[in-house]
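**Student:** Based on what follows, work out the 3D shape:
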Amino acid sequence: MRTSPLLAAALLAAPLAAVGCSSCGKSTTGPAPEATSSAAPGPADSAVAPPPKAKTPAASRQGNVVARSPAEDILYVADEDGSALHLVPLPFDKKNPVTTAPLPGRPAQVVALDGGEVLVTIRDPGLLLLIRPDPAAVLVEAARIALPADAWGLAITKDEKTALVSSAWTHKVSAVDLETKKVRFTVDVAREPRGIAILGDGSRAYVSHLVGAPLTRIDGIGTVNPTVKRVSLPAAPLRLPYETTRAEDASLGYALTFSPDERRLYVARHALGATGVKVWYGMPTVDVLLPRDDSPLAPSRKPPAVFGAHINAIPVEDPTLDLPPGDIVQPRAMVVRATTRTLLVLGEGSLTLSELDATSIDPAAMVGKKHPLHDEGATGGGPACAAPSGLALSSDERKAYVFCRSTNVLAVLTFPDPKADVKFSVVRIPLGKGPDDALVAEGRRLFYDAQDPLVSGGLGCAGCHPEGRDDGFTWSEFAPVEEGGNATFAAMGGTINLSAARQTPMLAGRVAAQGPYGWHGESETLVDRILAGFALHRWDERHVVDKQTARPRALAIAAFLRSGLVPPPREKTEPSDVEKRGKAVFESAETGCKSCHAGAEFTDRVPMPLPRMTVRAGYSDEKDNNKYKTPSLLFVGGTPPYFHDGSFATLEELIDKNDDRMGKTNQLSAEDKAALVAYLRTL
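**Tutor:** Reported below is the predicted structural model:
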C-alpha cells in the first residue's frame, strides 16, 4: 500500500491533498479542436472537431462504502476507522499497489462519477466532498460543502446534478446542487436517517432509518421547498404474530435499493417483532415497498380456521417461514444483481454475502445462496473477513467487492459459473491498518461478530448498539426458569411470560467510568457487565458462561468500547437564551437535577429508589427492586425512548410526566419545562 506524500503535505495547507490513480489526467472530452479564424473555411479546412465524448453514468447512483468507477479502472473504499479513501486499481495487480488518501474526517459513503470524480460524505465535521482528477495525475479537492453533522448516506439523481445526503445523528436530509456546489435545502426527519434511494425521474426519494420500520419520503427534491412524509412499511409482516402491535418495530435500516424497473423498493433491516426458530432478537428481513402507491408488497398474517395453542408464536400454517435467523444477521449493505434477478445482502454479523430472490414477496424467507467471506482457502495473504460493511459489483456482475471493516481487507469474490467452468473463489487484499492496540483490534472484531457462541446467542453487540448507539427498542428480560439459570433477553415480550422492560442504552462516550453498570447497578465493572451480557443476549436461560474462558473476550470488548467507539458529533454553538435558562433550571437546588446527574457523564452512577410507575402492558411489575442507577445524560437528546422501560417517547413527555419522581419538576412553569428540555438537548 502507498500513501501519497503530496497528500500528507497538502493537508497542512489545503482541505484535501492528492493521490495517484490510473484514470487521473485522462481526457474525457475528446481531442481539442484546432484553432480557426473568422474567415470562411475553404475546402481544405472545412473539417470540424469531433463531438465531446458522452459522459458515462455512475456505476451506482447510491452511495456505498465501496464504489466502482464508471470506467471500471478504480475501486474506491471509504475507510471510516482510518479516516481515509483507498484507491484500488482494477483489475487488481500487486505491481499496481493500493493508494490511500487521508481525509479531513471519517468517510461514510462514496459515489464514483465519470472522469475520476468522487463524492464522499464526511461524518464529523458534516461535509460532502467532491474530489476530481488533476493534470499532475493526482486527486484534489474540488469542493467542500458544509452539511449538518454526521453526514452519512448519499445518492444522486440520474442527471447527476443533485445529491441527497442524510445526516444520521442530527436527523437531517440535505439536497446539494452539484453544479453550483451549494445546499438547496435541509429538512428535519426521524431518528437516524441512513440509506437513500432516488427514483430515476428525480421526482422523489426514500430514506431508511436505523431506528423504526417507517421510511421517509421526500418529494420535490429539485425545488427549495420539498415535502416530507413518513411511509409505513411493516417489518416482516408474514412472520409477525397475529394482531401484533410490533409491525413498526425494526432496527438496522442501513440499506435500501430499487429494482431495475423501480417497481419495487427493497429495504433490509431487523424485524424485532418477528417469530421463528429461537429468534430472541427477531428476524433479519428484506421488506418490499411498491412505490406506485407506497404500499407493502407482503400482507399481514391472517389466523387459520383451526387455531392451535402455539400458533401465535410459530407460523405452522406456512413451514417455509419457520426460519432460523442466522443467514443475514445485521444486514449492512445491499445491491441488486440484475443478471440473476437476485439481491445481494451483506450480513455484518453472520460474515456472509447472501443471495435472495428479488422476485419473492418476502425475499429473506428463502436464502438462495450463501457466499462465505471468511473462507479459509481464500488467497491474497490478507486476514479473514470480519464486519463486512460495503460492497460493489463488477459491470458484468460476476465479481463482488466487499470491504471488511474489522480486518481492513477488500474481499474480491468471483461467483461460480458452471457453464463457463468458473468456481467460487475469494481473494483478499489488505487495506490500511487497524488499531495499534491489539486488544482494541480484537474488541472491534468481537463487537460486530455474531458467530462467537461464547459471546452471544447469534447477535453481535452492534446488533443492539449500532456504532455504539442504541436501537431505540425496549426489550424483555426474562428471569431464570430454574435455580442456577440466568436472565435472558427477548424481543417478543408477552409471548412466553411477563418479563421486565429494558430499554437499550447508548454506549459510545458513556462507559469511561469504572462502574457500576446495569439498570440496577448490579455489575461492579464494565467487564463484569459484558460478562453478564454473554449470558443475557441469547435464547437459552440455562446457558452457563465460563467466565475464565470468556474474560479475555470481555476485556477486549471493553477496550474497544472505551477507545474504539466514536461518540456522536457535537456542534459547538453559543447557547441560546432559552438554553441558558434551562441550564439554570437544571442546576438549581429547587429541581435537584444536578444532585444525581453530575460529573463529565452527568451521572453519579448510584442506584436510587424511585416511586412506582404504571407497568407497561406486556411487561412484569418489578416491585421487588425499585432502585435504578442514575443514567448518563450525555447525548440524551438523541436517544429516545426514555426511562429504563421506555415509558416516555420524548424528553418533553419525560419532564411533563415526571411527577417529582426524579428531582422536583411539578413546580416548573411550561416555559421552564421547555427551557429544561432545550438545555438537555445540548448535552
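**Student:** Surely residue 143 is in contact with residue 182?
**Tutor:** No - contact criterion C-beta atoms under 8 Å: residue 143 and residue 182 do not qualify, at 9.5 Å. Bear in mind the C-beta positions are built from the backbone N, C-alpha and C, glycine included.
**Student:** residue ranges of the helices in the protein, please?
**Tutor:** Applying DSSP state H to the chain gives helices spanning 5-10, 438-448, 461-464, 526-536, 547-563, 577-587, 593-596, 651-656, 670-680.
**Student:** List the contacts of the last one.
**Tutor:** Right, the one you point to is helix 670-680. Contact with helix 670-680 is made by 575-576, 578-583, 585-586, 591, 593, 633, 636-637, 651-652, 655-656, 665, 668, as judged by C-beta atoms under 8 Å, 6 or more residues apart in numbering.
**Student:** List only buried entries from those residues.
**Tutor:** Among the contacts of helix 670-680, those classed as buried by neighbour count (16 or more other C-beta atoms under 10 Å) are 579, 581-583, 585-586, 591, 593, 633, 636-637, 651, 655-656, 665, 668.
**Student:** And the pLDDT for residue 203?
**Tutor:** What the model reports for residue 203 is a pLDDT of 94.
**Student:** Ok, residue 18 next?
**Tutor:** With respect to pLDDT, residue 18 has a value of 41.
**Student:** Comparing residue 143 and residue 182, which residue is more hemmed in?
**Tutor:** Ranked by neighbour count (other C-beta atoms under 10 Å), residue 143 and residue 182 place residue 143 first, with 17 against 11.
**Student:** what sits opposite the more buried one in the beta ladder?
**Tutor:** residue 130 (DSSP bridges).
**Student:** and this structure, what are its domains?
**Tutor:** 440-563, 577-680 (automatic domain parsing).
**Student:** okay, the ones you listed in JSON lines with distance to residue 125 and mean pLDDT next?
**Tutor:** Converted to JSON lines, the domains of the chain look like this (distance: least, C-beta to C-beta, whole Å; pLDDT from 0 to 100):
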{"stretch": "domain 440-563", "distance to residue 125": "17", "mean pLDDT": "81"}
{"stretch": "domain 577-680", "distance to residue 125": "17", "mean pLDDT": "84"}
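**Student:** Could you export the ones you listed as JSON lines, including distance to residue 131?
**Tutor:** As requested, the domains of the chain are arranged in JSON lines below (distance: least, C-beta to C-beta, whole Å):
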{"stretch": "domain 440-563", "distance to residue 131": "25"}
{"stretch": "domain 577-680", "distance to residue 131": "30"}
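**Student:** Output the below-cut-off pLDDT ranges for the stretch 301-450 of the chain.
**Tutor:** 303-326, 374-383 (pLDDT under 70).
**Student:** Do you have the strands of the stretch 501-650 of the chain handy? List them.
**Tutor:** 607-609, 627-629 (DSSP state E, counting those that start in this stretch).
**Student:** can I get the ones you listed in JSON lines with distance to residue 241 and mean neighbour count?
**Tutor:** What follows is the strands of the stretch 501-650 of the chain, written out as JSON lines (distance: least, C-beta to C-beta, whole Å; neighbours: other C-beta atoms under 10 Å):
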{"stretch": "strand 607-609", "distance to residue 241": "35", "mean neighbour count": "13"}
{"stretch": "strand 627-629", "distance to residue 241": "30", "mean neighbour count": "18"}
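**Student:** And those: which comes nearest residue 114?
**Tutor:** Ranking those by proximity to residue 114 (C-beta to C-beta) places strand 627-629 first, at 55.3 Å.
**Student:** Give me the distance from that closest one to the chain's centre.
**Tutor:** Offset of strand 627-629 from its chain centre (C-alpha atoms, centre = their mean, to the nearest Å): 31 Å.
**Student:** In the sheet, which strands lie alongside it, parallel or antiparallel?
**Tutor:** Sheet partners by DSSP bridges: for strand 627-629, these are strand 607-609 (antiparallel).
**Student:** got a list of contacts for the strand it pairs with?
**Tutor:** 516, 520, 521, 596, 626, 627, 628, 629, 630.
**Student:** so which two of these are the farthest from each other?
**Tutor:** Most distant of the contacts of strand 607-609, by C-beta to C-beta, are 516 and 626, 16.7 Å apart.
**Student:** Looking at those two, which is more packed in?
**Tutor:** Under the neighbour definition other C-beta under 10 Å, residue 516 and residue 626 were set side by side, and residue 516 has more, 18 against 14.
**Student:** Can you give me every residue that contacts that one?
**Tutor:** Contacts for residue 516 were tallied using C-beta under 8 Å, 6+ apart; they are 522, 523, 524, 525, 605, 607, 629.
**Student:** Compare these and tell me which has the most neighbours.
**Tutor:** Ranking the contacts of residue 516 using other C-beta under 10 Å puts residue 629 first, with 22 neighbours.
**Student:** Is that residue in contact with residue 605, as I believe?
**Tutor:** Yes - Residue 629 is within contact range of residue 605, at 6.0 Å (criterion: C-beta under 8 Å).
**Student:** which residues do the two both contact?
**Tutor:** What both residue 629 and residue 605 touch, as defined by C-beta under 8 Å, 6+ apart, is the set 516, 521.
**Student:** Tell me who's in contact with the nearest residue to residue 417 once chain neighbours are set aside.
**Tutor:** Leaving aside its sequence neighbours, residue 417 sits nearest to residue 398 (C-beta to C-beta, 6 or more residues apart in numbering; 6.8 Å). By C-beta under 8 Å, 6+ apart, the residues touching residue 398 are 414, 415, 417, 422.
**Student:** No more questions from me, cheers.
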